[in-house]
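[1] what's the 3D shape of this:
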Amino acid sequence: MTIDRIGPVDPLSRFNKTEKTVRSEQKEKTDSIDVSSEAKKSAELLQTMDTVKAAPDVREDRIAEVKARLQDPNYINDTVVNSVADKLMDLFGI
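    Numbers count the residues shown, from 1 in each chain. Here you go, the predicted structure:
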């Protein structure tokens, strides 16, 4: 009677076999966001506020224009004086 081996001679050989792995096709994922209209308006408002804050408090061009007008003696007349006085009174609530 003969006994034939079933399987490989080396019992560890079955663990050394590597099977090829099949890579699944991966689609490129892209990141995206949705910005609400409220967030867009808020961002626009903040940008406008930053622009206003960065603007100078004194408008040099207007000051130069007023100085030039005040140098002209024909500019100052009763109409201008009354207009300025009325605006000052309105400003102070008089």
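[2] only C-alpha atoms for contact and neighbour calcs from this point on.
    OK.
[3] Taking the centroid of this structure, which residue is nearest it?
    Ala43 (6.1 Å; CA atoms, centre = their mean).
[4] Now do the buried residues in the strand or helix carrying that residue.
    Element membership for Ala43 (DSSP states H and E) is helix 37-54. By 16 or more other CA atoms under 10 Å, helix 37-54 has no buried positions at all.
[5] Regarding Lys87, what is its secondary structure?
    Three-state call for Lys87 (DSSP: H, G, I helix; E, B strand; the rest coil): helix.
[6] An error on my part: the question was meant for Leu91.
    helix.
[7] which residues touch it?
    Taking CA atoms under 8 Å, 6 or more residues apart in numbering, we find Leu91 in contact with no residue.
[8] Okay, it and Thr30: tell me how far apart.
    59 Å (CA to CA, to the nearest Å).
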